[in-house]
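A.B. asks: Based on what follows, work out the 3D shape:
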Amino acid sequence: QQPDHTRWSLKPREIFLIVLFWTSLAALSSVNRLLDRPEQGFRVFSPAGPIATSFIESTIWAAMTIVIFWLSNRFSRQWRWIARITLLLLIGIVIAVGVYLAVDFARDLLVTAPRPRRGATLSPWREVARFRFLNQFLISLAVLAAGFAREYFVRDQQRAREAIELARQTAALQAQLADARLDALRMQLNPHFLFNTLHAVSALVERDPGGVRRMIARLSELLRHTMDSDAPNEVSLRDELSILRRYIEIMEIRFQGRLTVTTQIDDATLDALVPNLVLQPIVENALEHGAARASSDGRIDITARLDEGERLVLTVRDNGPGVERNAGAGVGLANTRARLEQLYGDEASLSLTSATGGGAISEIVLPFHTASDLRTEFRYDD
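C.D. replies: Predicted coordinates:
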């Protein structure tokens with residue numbers, strides 16, 4: 001919370017406006033005194049004393065404005081409202097009397113010729129007793145109201161700045177939490193992928209040692225990519241397909257020529273950003289629950305297209321038995337859904353349905369955007 005002394009302290013610009021305001025009032029009063037309109041034309045005279053008195057009064061009120069602004073802050077919250085109002089009224093009366101006496105003294109000094117008489121020193125107090133300071137009291141109340149208005153305005157500005165800072169910190173924490181959750185999901189996915197691949201390697205150790213060596217080489221490339229803690233959450237579809245190709249090579253060795261993988265990729269989609277390793281668990285699910293259970297050789301068809309230029313649609317189709325009833329989502333599909341929700345919210349979806357004519361279709365729908373779109377958006381935000 002901002003300290004009181006920094007909250008009520010007037011900025012140089014505010015002090016300048018206060019002095020300008022009271023000086024303008026003195027100048028306006030001086031013009032009214034300089035120009036006297038009788039019945040015929042204007043009559044100009046030189047009332048130096050009244051003009052000087054006006055500027056002295058304005059100077060006093062400029063100084064009192066700073067004092068009253070400090071009082072409005074000092075007693076804005078520390079007192080109950082009845083005690084606060086009573087105290088401020090009393091202080092307003094004291095200030096009004098003080099200003100009245102100072103201006104009366106200046107007027108007598110500059111305008112009225114000295115006339116010594118008995119009891120003359122008591123005459124200002126007689127005027128005070130007659131409430132001749134009422135105008136000054138009303139002015140002090142107006143300045144006090146302006147002080148309260150300024151105090152509430154400064155406090156609202158401070159709260160707005162604190163709210164903006166809190167929102168910024170909250171957004172930063174949410175972003176960190178989202179990154180942490182995505183990292184956790186990816187780390188949960190990596191062991192699942194690794195265990196399945198090692199199981200495939202162990203099944204071919206005796207039958208195809210050369211194929212196993214190729215599988216281990218491709219596996220090391222994949223692990224180097226998947227275990228990279230600095231890897232971005234999104235990559236281009238072109239890079240995603242390149243990584244996926246290494247996984248498919250491992251699976252082609254595992255299936256020993258009984259697997260065909262085709263891709264039909266729209267060129268306009270290659271620069272689209274997609275979640276890192278989004279296709280690997282989908283293809284793995286299609287292989288384990290589809291192509292591996294097909295009555296003939298396994299087949300996987302991968303396509304990418306644009307839907308109305310605003311959405312990217314990725315599909316993976318297998319020729320297996322289709323989606324079994326009451327089958328729960330595996331680790332790969334569950335994690336992929338969670339990652340899509342974390343990155344895109346309701347703008348992305350993942351569905352798994354049985355295909356007409358046999359097999360299953362996994363479809364991922366993402367908002368279409370590229371790295372150049374993000375750079376343009378970043379420039380606009382700056």
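A.B. asks: Show the model's pLDDT score for the residue most central in space within the chain.
C.D. replies: With distances taken as CA atoms, centre = their mean, Arg168 lies nearest the centre of the chain, 4.6 Å away. Among the per-residue scores, Arg168 shows a pLDDT of 78.
A.B. asks: which residues does it contact?
C.D. replies: Under the criterion of CB atoms under 8 Å, 6 or more residues apart in numbering, Arg168 has no neighbours. Where you see a C-beta, it was placed from the backbone N, CA and C, and this is true even at glycine.
A.B. asks: distance of it from Arg161?
C.D. replies: From Arg168 across to Arg161, the span is 11 Å (CB to CB, to the nearest Å).
A.B. asks: And for Glu252?
C.D. replies: 60 Å.
A.B. asks: can you check Asp346 too?
C.D. replies: Distance check for Asp346 against Arg161: by CB to CB, it reads 33 Å.
A.B. asks: Those two - which one has more neighbours?
C.D. replies: Shown here are Asp346 and Arg161; by other CB atoms under 10 Å, Arg161 has more neighbours (11 against 6).
A.B. asks: separation between that one and Ala334?
C.D. replies: From Arg161 across to Ala334, the span is 43 Å (CB to CB).
A.B. asks: Tell me the bridge partners for Arg311.
C.D. replies: Asp307, Pro367 (DSSP bridges).
A.B. asks: Wait, it touches Glu363, no?
C.D. replies: No. Look at Arg311 against Glu363 with CB atoms under 8 Å: they stay out of range, at 11.1 Å.
A.B. asks: Just say helix, strand or coil for Val316.
C.D. replies: strand (DSSP: H, G, I helix; E, B strand; the rest coil).
A.B. asks: quick one: low-confidence parts of the stretch 101-250 of the chain?
C.D. replies: 108, 110-132, 171-193, 225-231 (pLDDT under 70).
A.B. asks: And the helices in it?
C.D. replies: 123-129, 134-203, 209-226, 237-255 (DSSP state H, counting those that start in this stretch).
A.B. asks: can I get those helices in JSON lines with distance to Ile68?
C.D. replies: Output for the helices of the stretch 101-250 of the chain, formatted as JSON lines (distance: least, CB to CB, whole Å):
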{"stretch": "helix 123-129", "distance to Ile68": "20"}
{"stretch": "helix 134-203", "distance to Ile68": "5"}
{"stretch": "helix 209-226", "distance to Ile68": "69"}
{"stretch": "helix 237-255", "distance to Ile68": "68"}
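A.B. asks: Met344 sits in which helix or strand?
C.D. replies: Residue 344: Tyr, not Met. Taking DSSP states H and E as the definition, one finds Tyr344 inside helix 331-344.
A.B. asks: and that helix, what other elements does it pack with?
C.D. replies: helix 134-203, strand 273-275, helix 279-289, strand 349-354, strand 360-367 (3 or more CB pairs under 8 Å, 6 or more residues apart in numbering; DSSP states H and E).
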